[in-house]
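**Q** structure here, sequence nowhere to be found:
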C-alpha cells in the first residue's frame, strides 16, 4: 500500500514532477508569489514537499523531459550494467569519457544541485511568515531544510570535491561570484549542519508524517560524508592529478588515519540512534530473499532511514515518470540496462562459494546457465530475472513469469528486477537513499582500517549472514578489505553507491573491467542473442571496451560555468 508524505496536504502527496512549473522559477523580487506560498500551513507544506522532492532526487534521473533515457546511468558507468541503447546519454560517457560540455554522471547536472538548495533555503528563510503554524513546527522545518542542504553538499563533495558554498537565497543585488570552497570546508560545513539538525529533529515522526527527516537521517548524511573523507581519494596530500595551488579543491591536503576513527564514530552513532530511538533494525527473519527484498523494496520498511518518496503511478511500464530509470523486465527500457558478466562475478553462490562461469572460448549448454543461475545467492535472485526463468522476487506471480517478459533478446546476463520484491503490478517504488545496512558496512570498513578485525567481522557479518551466507572469518586486513568492498557492491547494487565507491577506494583495476576496460556479457545460441524460450547454449562474450582516465575520479564542472571565470575546472578536463 502506498503511504503519503504529508497527510495534511493531500494535493501534494505525490511529489511534484519536473514538468510542473514551481514558484522558484518566478523572480525572487516577486514578493507576491513568496507571500502567497507562505501565507498558510497548507501552502507552505507544499513548498516543503517540493524541497524534499528536489533535494532527494540527486542521482535519480529526476530532471528533464528525457530523464528516462539516462536509465540506470550510475550502474552503466560503473560496469554493473551495459551502456544502454546507443542513443542514451550513458553511451558517450562510457565509450569516450566525461566531458565538461555536460556529460557527467551525476544525472541531474551540476546546476540542479543549486536549484534544490535554493528551494531549501527559500523554505527556511520564509517559514516564519506562516501565521497558522506553531513556532515549534517552524523550528523543525528549518532543521529539515538544513539537513537537505547538507545532503546535496555531501553528494557534491563526493562527485566534484570542493564546490561553492552558498548560505542563503540570492537577490538581484547580491554578489553571485561564489568561488569553490575547499574539500575540507565543504566537509566541515556538512558535519556542522548535520549536527545542528540532529540536535533538533525527532527520532521518529507521527505516522502521518512518515518520510520526513529524522535525527538518524541527519546523522546518516554526516556519516556518509565522513566515510568518503576517510577513503584514499580525498584522504591524501597527493591528489589523483596535480592541481598545484588548487590541490585543496580535490583532496583534504594530508593523509590522516584518524579520519577512519571519526568515520567509525559517526557510523556507530547512526546505528545507535536508529535502533535505540528510531525504531529501525536490520530485517532478518531467517528468510534471506524475503528479508533483502523487503529491505530494498517495501515502502516504509524498518531498515530505511530516508527514502525518495515518489509514489507516482505514471512511473510504470507505460509512463516516463521520475522513476522510469528503474524500469524492470516488463518494459523495453530495461533491455538497454542489463547485468554484465563483470559485475555478476561479485555475487556468491547460495552456499557462499564462488560460481564458475564460461570463458570466451567454451560454448556451454544452456542447461548449465539455468542450473548455475538457480544456485546463486538470494540477493542475486532478488536483483535480477534470468533468461527463460520466472522472476524469483515475485514467486508465483504470473505478472513476473517468463511468459510476461518483454521478449527482447540480448547478449547480457539478466534483467534487473531490484526494488520490486512482491510488487505485483506496481510500477512505482520508493528509492532507499539510506538503509541501516550501509552503516553496518561503513563501521565494518572503518574497524578494519584501524585494525579492529573482530569488530569489523561482527559488523560485516550482520549484513553478510542476513543474505543466507556463511560468516566471514578471515583476519587478514587486505583480504577483509576486499571482502567488505565486495559486500558493498552486492548489497547496494543500483542504490547509487558503486560508482563513487570504486573511485574513492581508488581500486587498482578501476580501468580494467570496472569503469574502463573490457565489459563482458553472455552470447547465446552459437554467438547470437538470447530468446524468451528455446536457448540452446551460451558463452562469455565481449560487449564493448569502456573508457577510463584518471581525471574521471571527480566530475567536470559545466564548461558554461567555468567560462564565467569564477569556478576552477577540475584537472584533466
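**A** Done, it's in. Everything numeric here is computed off the predicted structure, so don't read it as measured data.
**Q** list the residues that contact the residue nearest to residue 438 when sequence neighbours are not counted.
**A** Distance criterion C-beta to C-beta, 6 or more residues apart in numbering; nearest residue to residue 438, sequence neighbours excluded, is residue 492 at 6.7 Å. Glycine gets a C-beta too; all of them are placed from N, C-alpha and C. Residues near residue 492 by C-beta atoms under 8 Å, 6 or more residues apart in numbering: 435, 437, 438, 498.
**Q** I figured the second one hits residue 464, correct?
**A** No: with the criterion set as C-beta atoms under 8 Å, residue 437 and residue 464 do not qualify as a contacting pair; they are 10.2 Å apart.
**Q** so what's the residue count around the residue nearest to residue 473 when sequence neighbours are not counted?
**A** Distances taken as C-beta to C-beta, 6+ apart place residue 457 nearest to residue 473, at 7.1 Å, with adjacent residues excluded. For residue 457, the number of neighbouring residues by other C-beta atoms under 10 Å comes to 22.
**Q** re earlier: mind checking how far the residue nearest to residue 438 is from residue 74?
**A** 11 Å (C-beta to C-beta, to the nearest Å).
**Q** touching both of the two, which residues are there?
**A** residue 498.
**Q** of the contacts of residue 492, closest to residue 261?
**A** Nearest to residue 261 among those: residue 438, at 18.7 Å, using C-beta to C-beta.
**Q** which helix or strand contains that closest one?
**A** helix 436-449 (DSSP states H and E).
**Q** report all helices and strands that the longest helix anywhere in the chain contacts.
**A** Longest helix in the chain by number of residues, with DSSP state H as the criterion: helix 135-160. Helix 135-160 is packed against helix 41-56, helix 110-126, helix 183-198, helix 215-230, helix 498-504, with contacts defined by 3 or more C-beta pairs under 8 Å, 6 or more residues apart in numbering; DSSP states H and E.
**Q** contacting residues around the most centrally placed residue in the chain?
**A** In the chain, the centroid-proximal residue (C-alpha atoms, centre = their mean) is residue 496; its distance is 2.3 Å. Shown in contact with residue 496 (C-beta under 8 Å, 6+ apart): 59, 60, 74.
**Q** for those residues, pick the one with the most neighbours.
**A** residue 74 (25 neighbours).
**Q** for residue 363, see how far away that one is.
**A** Distance of residue 74 to residue 363, computed by C-beta to C-beta: 33 Å.
**Q** right, and residue 352 touches residue 470 too?
**A** Yes: using C-beta under 8 Å, residue 352 is in contact with residue 470, at 4.4 Å.
**Q** ok, the two, which is more surrounded?
**A** residue 352 (15 against 12).
**Q** can you classify that one by secondary structure?
**A** coil (DSSP: H, G, I helix; E, B strand; the rest coil).
**Q** how about it, phi and psi?
**A** phi 90, psi 0 (degrees, to the nearest 10).
**Q** which ones are touching it?
**A** 377, 469, 470.
**Q** those residues in strands, which ones?
**A** Judged by DSSP state E, strands contain none of these.
**Q** now tabulate those residues in a markdown table and tack on distance to residue 167 and pLDDT.
**A** As requested, the contacts of residue 352 are exported to a markdown table (distance: C-beta to C-beta, whole Å; pLDDT from 0 to 100):
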| residue | distance to residue 167 | pLDDT |
| --- | --- | --- |
| 377 | 47 | 98 |
| 469 | 46 | 98 |
| 470 | 50 | 98 |
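**Q** which one of those is nearest residue 562?
**A** residue 377 (45.4 Å).
**Q** if I pick the closest one, what's in contact with it?
**A** 288, 347, 348, 349, 350, 352, 467, 468, 469, 490.
**Q** what's around the fifth one, how many residues?
**A** Counted with other C-beta under 10 Å, residues neighbouring residue 350 total 20.
**Q** was I right to think it contacts residue 376?
**A** Yes: look at residue 350 against residue 376 with C-beta under 8 Å: they come within range, at 6.5 Å.
**Q** in the stretch 451-573 of the chain, what residue spans correspond to strands?
**A** With DSSP state E, counting those that start in this stretch, the ranges of strands along the stretch 451-573 of the chain come out as 517-524, 537-546.
**Q** now render these as a markdown table, adding distance to residue 565, mean neighbour count and mean pLDDT.
**A** What follows is the strands of the stretch 451-573 of the chain, written out as a markdown table (distance: least, C-beta to C-beta, whole Å; neighbours: other C-beta atoms under 10 Å; pLDDT from 0 to 100):
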| stretch | distance to residue 565 | mean neighbour count | mean pLDDT |
| --- | --- | --- | --- |
| strand 517-524 | 37 | 22 | 97 |
| strand 537-546 | 34 | 18 | 96 |
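**Q** can you redo those as a markdown table with distance to residue 81?
**A** Compiled in a markdown table, the strands of the stretch 451-573 of the chain are given as follows (distance: least, C-beta to C-beta, whole Å):
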| stretch | distance to residue 81 |
| --- | --- |
| strand 517-524 | 10 |
| strand 537-546 | 11 |
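**Q** of the ones you listed, which is nearest residue 368?
**A** strand 537-546 (7.7 Å).
**Q** orientation of that closest one relative to strand 517-524 in degrees?
**A** If you take axes from the mean of the first three to the mean of the last three C-alpha atoms, to 10 degrees, strand 537-546 sits at 160 degrees to strand 517-524.
**Q** given strand 537-546, what are its sheet partners and their directions?
**A** Looking at strand 537-546 with DSSP bridges, its partner strands are strand 364-365 (antiparallel), strand 517-524 (antiparallel).
**Q** just list what the helix or strand that the shortest one is followed by packs against, helices and strands only.
**A** So that's strand 364-365. Using DSSP H and E, the helix or strand that follows strand 364-365 in sequence is helix 366-374. Packing partners of helix 366-374 (3+ C-beta pairs under 8 Å, 6+ apart): strand 384-386, strand 537-546.
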